[in-house]
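A.B. asks: turn this into a structure:
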Amino acid sequence: MPRQYPIEKTRNIGIIAHIDAGKTTVSERVLFYTGVSHKIGEVHEGDTVMDWMEQERERGITITSAATTAFWTPTYVARTHADLNADQRRKEHEYRINLIDTPGHIDFTVEVKRSLRVLDGAVVVFDGVAGVEPQSETNWHYADEYHVPRVCFINKLDRMGASFERSFASIKERLTKNAMPVQLPIGIESTFSGLIDLLEMKAFEFQGEHGERIVEIPIPENMKSEAEIARHNLVEAIADSDDSLMTKYLAGEEIKLDELRRALRKATIENKIVPVFCGSALKNKGVQFVLDAVVDYLPSPLDVPPVKGIDPKTGGEIIRKPDDGEPFTALAFKIATDPYVGTLTYFRNYGGILKRGSYILNASKGDQERIGRIVRMHANQREEVEEVYAGEIAAIVGLKNTTTGDTLSTPDTPLILEKITFPEPVIGIRIEPKTKADQEKMGTALHRLAEEDPTFRVAGDPDTGETIISGMGELHLEIIVDRMKREFSVEANVGRPQVAYKETITAEAEAEGKYIRQSGGRGQYGHVWMTVKPLERGKGFEFVSKIRGGVIPNEFIPAVEKGVREAKDKGVVAHYPMVDIEATLYDGSFHEVDSSEAAFKIAGSMAFQEAARRAKPVILEPIMKVQVIVPPDFLGEVTGDLNSRRGKIETIDDRLNIKVIEVKVPLSEMFGYATIVRSLTQGRASFTMEFDRYETTPNNVAQLIIEGKKK
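C.D. replies: Next up is the predicted model:
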């Protein structure tokens, strides 16, 4: 079956934002206006298409990213091509949009990161009252990391306290100097009624039950001069990004609308300009123009650089173009468990065609599998397809050993794409099954959930034999336990949340590890010298071998490394894993008969532990970036409480009649904060919290942690 939509008419985009900025509401309007759904679902009514999980509908938040496909013909095509009938317009001007709606809560940030890794563009939604919020910044930095072009949508301009100017200023100040408004709102709050398009210099309002009819109206007299200045600035910025247009602009020649659109598209793809749109998704105003922007300004798979990978055989670099004629290459970016079909592996096809019944290689693991079923996802609904072309997103049913970040390719042309890196869990809880029957099922359930979510970890406590599950926050683990109960019928008791502390060293040191055992017959002999030194925060762990001249045979060096890694995971201060350390093996000796891998593994472990003890070890604790929104009357009580929690207040800003406190607080001090802040403010304050970095714990706190661990 030939490709229905040319690759240049395909858009792979994500909708990203801080929690409660209106992403899912925007997505529901997109589905309605593109004809995918015939009824608009509302978050507050719990009947949205994209938030399909029971937990999402109960809480009114997005927990897992949902993918769907929609088709769109730009709104201006109907106005400018009145000579064509609807079918012709659709055939000639319709685009295919693969859309992923992502969560806004920091606990589910993994969903945003892995989605942005495979998307070509993003729509960033902002609350018109709050402007840029903490998770807006985190998601923006993820998009920067993967060089994803963006358009912005300032939403909720109908709400009390909304301000387009203030929200736009927060984008310019905190995210990018390249933001440029391409629309202005007509009215604000309860008087918000329409938009001025600065490129066309026309005003529009939205009529009909769901704002589906876009009607041109005169630009209000009191906004004409403001609109002319804004258009002048926009045209100047577009011309500045394009040499041929700059020549025209300086010569005073008129630049045509299609030239402006073409140049703005190029500048957006190169991240030189970020177009800013506005509206109110809930009141059905402005979403169609965002769809126009996706088509006009965000890239197709042909507009982004071809993907680069490593040949697993030679280590050389391979470039794979987004072309159907290339060998099949895809990245598995999400694993999901479907109650009806089993494991779903979501993938982005970077080149070639994947056909049902063909064989593929998991190049990351070396496993070969046959493709049984391929599906296109519409939230939790599946559409069977025979083949998937370059530049498309789909899911494979039933792959056995594929995990997030694995590369899928044809067996005879393997390559490995860059893996996705995920943040480390910062919080853990002890969990135990309620009954003997639950015990058998719990292991399976936790294994399946850990396969889906790379930020969820399961481990056993070596001291007590208990199971500890770790994640990104209290809500994250609460959802995991809830899913175990609903999806796997496992009842469990959970303990109090515990902070995921780490250990590191602050100085360089060296030590000797010598393991000798003689017990009749063949003995055991392993002897190493090792140095350790601290690395930059976030670098992890590195093992370096500087053994020369065969003082330790090569076959024993991996055993030394294994011993060092095991010792690192046990820690030396309070038995927490050690991070940001480089361990260098530089000398040692061996015995012709008695040396063995086991002896060198123990010697490596002994040397590392002794060196780490000498290198001034410290405990690291996770520090959270917290934003508290509080009425001015309660500012003193809230700041005093934050100071008592070892909080470092960075800024206190005014936002209308409320105060916004930005503060860094250790995670260990934030348990139960929701209840405390409500009681301090008569229930009128709210807060958001996300992981910022690890920092050295003060001595008095470290002592308590050590004693607590020993108890």
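A.B. asks: in which helix or strand does residue 623 reside?
C.D. replies: Using DSSP states H and E, residue 623 sits within strand 617-630.
A.B. asks: against which helices or strands is that strand packed?
C.D. replies: With contacts defined as 3 or more C-beta pairs under 8 Å, 6 or more residues apart in numbering; DSSP states H and E, strand 617-630 has these neighbours: strand 502-505, helix 635-644, strand 658-666, strand 686-696, helix 699-710. The way it works is simple: take the backbone N, C-alpha and C, and place the C-beta from them, glycine included.
A.B. asks: now do stretch 424-441: everything it contacts.
C.D. replies: Residues external to stretch 424-441 that are found in contact with it (C-beta atoms under 8 Å, 6 or more residues apart in numbering): 442, 455-457, 461, 466-474, 476-477, 481, 488-500, 622, 667, 691.
A.B. asks: same deal with stretch 557-566?
C.D. replies: Residues from elsewhere that reach stretch 557-566, judged by C-beta under 8 Å, 6+ apart: 528, 530, 541, 543, 545, 547, 552, 583, 585, 597-598, 600-608.
A.B. asks: need the mean per-residue confidence for that stretch.
C.D. replies: Taken as a whole, stretch 557-566 has a mean pLDDT of 94.
A.B. asks: for that stretch, output the C-alpha coordinates as PDB.
C.D. replies: Coordinates of each C-alpha in stretch 557-566 appear next as PDB, following Å, rounded to 0.1, in the frame of the first residue of the first chain:
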ATOM      1  CA  ILE A 557      40.700  -6.400  35.400                       C
ATOM      2  CA  PRO A 558      36.900  -6.800  34.700                       C
ATOM      3  CA  ALA A 559      36.600  -8.700  38.000                       C
ATOM      4  CA  VAL A 560      38.300  -5.800  39.900                       C
ATOM      5  CA  GLU A 561      35.800  -3.400  38.200                       C
ATOM      6  CA  LYS A 562      32.900  -5.600  39.200                       C
ATOM      7  CA  GLY A 563      34.100  -5.600  42.900                       C
ATOM      8  CA  VAL A 564      34.500  -1.800  42.800                       C
ATOM      9  CA  ARG A 565      31.000  -1.300  41.400                       C
ATOM     10  CA  GLU A 566      29.500  -3.500  44.100                       C
END
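A.B. asks: next, the contact list for residue 373, please.
C.D. replies: Per C-beta under 8 Å, 6+ apart, neighbours of residue 373: 341, 356, 384, 396-398.
A.B. asks: ditto for residue 205
C.D. replies: With contacts taken as C-beta under 8 Å, 6+ apart, residue 205 has the following neighbours: 186, 193-195, 214-215, 217, 285.
A.B. asks: where do the strands sit along the stretch 51-200 of the chain?
C.D. replies: In the stretch 51-200 of the chain, strands defined by DSSP state E, counting those that start in this stretch lie at 66-72, 95-101, 121-127, 150-155, 179-181, 183-186, 194-197, listed in chain order.
A.B. asks: may I ask which helix or strand of the protein has the lowest mean pLDDT?
C.D. replies: Of the helices and strands making up the chain, the lowest-confidence element is helix 54-59, at a mean of 54, by mean pLDDT, DSSP states H and E.
A.B. asks: pLDDT wise, what is residue 366 at?
C.D. replies: As summarised for this prediction, residue 366 has a pLDDT of 86.
A.B. asks: coming back round to it: buried subset of the contacts of residue 373?
C.D. replies: Of the members of those, the ones counted as buried by neighbours, 16 or more other C-beta atoms under 10 Å, are 396-397.
A.B. asks: could you redo the contacts of residue 373 as CSV and give each row secondary structure and pLDDT?
C.D. replies: Written out in CSV, the entries for those read as follows (DSSP: H, G, I helix; E, B strand; the rest coil; pLDDT from 0 to 100):
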residue, secondary structure, pLDDT
341, coil, 74
356, coil, 89
384, strand, 85
396, strand, 89
397, strand, 88
398, coil, 82
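A.B. asks: secondary structure element for the closest residue in space to residue 577 that isn't next to it in sequence?
C.D. replies: Spatial nearest neighbour of residue 577, chain neighbours left out: residue 569 (5.0 Å); criterion: C-beta to C-beta, 6 or more residues apart in numbering. Element membership of residue 569, judged by DSSP H and E, is helix 557-570.
A.B. asks: hang on, the earlier thing: filter the contacts of residue 205 to the buried ones?
C.D. replies: With burial judged by 16+ other C-beta under 10 Å, the buried subset of the contacts of residue 205 is 186, 193-195, 214, 285.
A.B. asks: flag whichever of these scores worst on pLDDT.
C.D. replies: Taking pLDDT as the measure, those have their low point at residue 214 (89).
A.B. asks: how about that one: what's its closest non-neighbour residue?
C.D. replies: residue 204 (5.3 Å).
A.B. asks: mind checking pLDDT for residue 102?
C.D. replies: Per-residue pLDDT puts residue 102 at 79.
A.B. asks: please name the residues that touch residue 406.
C.D. replies: 331-332, 362-365.
A.B. asks: and it, how far from residue 454?
C.D. replies: Using C-beta to C-beta, to the nearest Å, one obtains 11 Å as the distance from residue 406 to residue 454.
A.B. asks: residue contacts, the spatially most central residue of the chain?
C.D. replies: Ranked by distance to the mean C-alpha position of the chain (C-alpha atoms, centre = their mean), the top residue is residue 113 at 2.0 Å. For residue 113, the contacting residues are 142, 420, 422, by C-beta under 8 Å, 6+ apart.
A.B. asks: now do the helix holding residue 569: distance to the chain's middle.
C.D. replies: For helix 557-570, the distance from its own C-alpha centre to the chain's C-alpha centre is 31 Å (C-alpha atoms, centre = their mean, to the nearest Å).
A.B. asks: same check on stretch 366-376?
C.D. replies: Taking mean C-alpha positions (C-alpha atoms, centre = their mean), stretch 366-376 and its chain are 25 Å apart.
A.B. asks: buried stuff in that stretch?
C.D. replies: By 16+ other C-beta under 10 Å, the buried positions in stretch 366-376 come out as 369, 371, 373-376.
A.B. asks: of these, which belong to helices?
C.D. replies: If you go by DSSP state H, the buried residues of stretch 366-376 have nothing in helices.
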